[in-house]
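> Pasted the sequence and its predicted model underneath.
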Amino acid sequence: MTLNGKASPSNLVNSKRLYKQSPEDFRERHARFLQRQHVERPLVGLYRHSIYPMLDLIEYLGEERVHPEDIDVKRWQHVYEETWDRTGLMWGDLVYWASPLNGFPWLEAILGCAIHVSRESNSVWAEPPPDFRLGDEVQIDPNNAWFQKLLEATEALVELSEGRYPVASGIMRGISDLMAAILGSTQFYLALHDHPKELSQLGKQLAEFWVKVVKAQYEMIPPFEGGYGNAGLWMPGPCPVYQEDASALISAKVFEEIIAPHSRKVLGSFECPIMHLHSEGLQIIDSFLGMKKQPLIEVNIDPAGPPLSELIPIFKTIQNTAPLEIFGTVDEIRTCLEELSYDGLACLILESSMEVVND
């Protein structure tokens, strides 16, 4: 069944099933998505459990500060294997991918933040370095223990995959997030008003730091099927995910003046960048539309964010310029499929929101 020449949402996804992927080469379909070509159905797949294995780390570390030697890169690999055995490479239209402890604050740790985990709240957070002050230089020591642990974890995952699925760098926190981490949230937000020039200089250094760390990862990550994978997508070049969560409390004007130039520098340093945002932080979206090297825009629909009725017009604006990927529940994704063009659209459904049958 089609609606206006495109597959109906009810046929693409219901509470139990995804539309079975086409037998055609997934690389061709993903390439058409990136180029925002006309299609009869979008890319739809599942966000699978092992993509975010942090709970397994928290479970055995408990209420403690984490040090590099506490991270056993073999300890959590079974999560990836169990998911691979259950789902294989494709579930729906999107590709399985693996990142080293996705969600762990690797960059903050390398910058000198103390990392803590809590079993009670199932959370991990970074404590600002006690001796860092605005105006201090940000540098990367190749022998930094956390940096070496990240590379070790990346290499171990490449070995585990044995070419069966793509390995990616993981979701790495962006300039505003790193500023808030090393300065402390209060000092960061005050500095936006009191010390914008100094904060912008810090942003320049953090951008260089971000690129160096992630490029070091990609030097260890082999191509997959002639390209790379991340966020369920196959792309022709390295495709790191860059996020800006702390920007949710910053006006679009202030963000553009102080932070956005450095964020665009990061994104422009990679062939196929992915800009990850949350639905409550879309006021900064104009800073990432119309770039010379247009990043894919990835939006996570959050329960605390605006209602879908307010998000749909923003999604349509994004689609006018960039390929769009949406994370959400099965009900949220079904609504998006009803309202949005399928051209340049990919949807990742939270597996926990579906009673999944894979046949």
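Sure, I can see it.

> quick one: the helices in this protein?
In the chain, the helices defined using DSSP state H lie at 9-12, 26-34, 54-61, 77-87, 106-110, 145-161, 175-183, 185-194, 196-218, 252-258, 260-267, 308-319, 330-339.

> List the contacts of Gly344.
For Gly344, the contact set (CB atoms under 8 Å, 6 or more residues apart in numbering) comprises Phe33, Leu34, Gln35, Arg36, Gln37, Gln319, Ala322, Pro323, Leu324. Placement of C-beta: from N, CA and C, glycine included.

> please redo it, this time with the cut-off set to 6 Å
Applying CB atoms under 6 Å, 6 or more residues apart in numbering, we find Gly344 in contact with Arg36, Gln319, Pro323.

> And the last one, its phi and psi?
Meaning Pro323. Torsion angles at Pro323 (phi, psi; degrees, to the nearest 10) stand at phi -70, psi 140.

> so who does it touch?
Per CB under 6 Å, 6+ apart, neighbours of Pro323: Phe33, Leu34, Arg36, Leu296, Gly344.

> Let me know the closest of the contacts of Gly344 to Leu340.
The closest of those to Leu340 turns out to be Gln319 (CB to CB; 6.6 Å).

> Next, count neighbours for that closest one.
Gln319: 18 surrounding residues under other CB atoms under 10 Å.

> Make 43 the first number, not 1, from now on.
Got it, first residue is 43 now, which makes that one Gln361.

> Which pLDDT value does the model give it?
pLDDT recorded at Gln361 is 98.

> and if you look at Ser64?
Ser64 is given a pLDDT of 62.

> before we move on, what about Leu60?
Looking at Leu60, the pLDDT reads 79.

> Which strand residues bridge it?
Counting by DSSP bridges, Leu60 is bridged to Val55.

> wait, it sits on Gly134?
Yes - counting by CB atoms under 6 Å, Leu60 touches Gly134, with 3.8 Å between them.

> Need the overlap of contacts for those two.
Shared contacts of Leu60 and Gly134 (CB under 6 Å, 6+ apart): Val86.

> how close does the residue lying closest to Ala290 once chain neighbours are set aside get to Ala364?
Leaving aside its chain neighbours, Ala290 sits nearest to Gly323 (3.8 Å; criterion: CB to CB, 6 or more residues apart in numbering). Distance, Gly323 to Ala364, using CB to CB, to the nearest Å: 16 Å.

> Ok, Gln259 next?
Remark: distance between Gln259 and Ala364 (CB to CB) = 24 Å.

> Those two - which one has more neighbours?
Using other CB under 10 Å, the more surrounded residue of Gln259 and Ala364 is Gln259, with 24 against 21.

> Can you check the pLDDT for that one?
We have a pLDDT of 97 for Gln259.

> Can you name the residues that contact it?
Counting by CB under 6 Å, 6+ apart, Gln259 has contacts Thr196, Ser211.

> Look up how far Trp126 lies from it.
Going from Gln259 to Trp126 by CB to CB gives 21 Å.

> Could you find the closest non-adjacent residue to Asp183?
Of all residues not flanking Asp183 in the chain, Phe189 sits nearest, at 7.2 Å (CB to CB, 6+ apart).

> cool, and Asp287?
Counting by CB to CB, 6+ apart, Asp219 is the residue found nearest to Asp287 once chain neighbours are left out, at 5.4 Å.

> what's the neighbour count on the one you found?
By other CB under 10 Å, 22 other residues sit near Asp219.

> With the one 5 residues further on instead?
Burial of Ile224 is recorded as 24 neighbouring residues (other CB under 10 Å).

> That one contacts Leu153, doesn't it?
Yes - between Ile224 and Leu153 a contact is recorded at 5.4 Å, counting by CB under 6 Å.

> what's the pLDDT at the residue nearest to Ala290?
With respect to pLDDT, Gly323 has a value of 94.

> ok, now how distant is it from Ser311?
Gly323 sits 22 Å away from Ser311, taking CB to CB as the criterion.

> just Asn185 next, same as before
According to CB to CB, Asn185 stands 23 Å off from Ser311.

> In terms of neighbours, single out the busier of those two.
In terms of neighbours (other CB under 10 Å), Ser311 is the more surrounded of Asn185 and Ser311; the figures are 19 against 7.

> Check the gap between the closest residue to the more buried one other than its chain neighbours and Leu149 for me.
Setting aside the residues directly before and after it, Ser311 is nearest to Val253 in space (CB to CB, 6+ apart), at 4.6 Å. For Val253, the distance to Leu149 equals 11 Å [CB to CB].

> now swap in Met333 and tell me
For Met333, the distance to Leu149 - CB to CB - is 22 Å.

> which of those two has more neighbours?
Shown here are Met333 and Leu149; by other CB under 10 Å, Leu149 has more neighbours (25 against 15).

> Which pLDDT value goes with the more buried one?
Reading off the model, Leu149 has pLDDT 97.

> which ones are touching it?
Residues in contact with Leu149 (CB under 6 Å, 6+ apart) are Met214, Arg215.

> Dig out what Glu367 forms beta bridges with.
When bridges are called by DSSP bridges, Glu367 pairs up with Glu340, Ala388.

> does it really touch Asn342, like I thought?
No - with contacts counted by CB under 6 Å, Glu367 stays clear of Asn342, the gap being 9.6 Å.

> Between the two, tell me which one has more neighbours.
Per other CB under 10 Å, whichever of Glu367 and Asn342 has more neighbours is Glu367, with 24 against 21.
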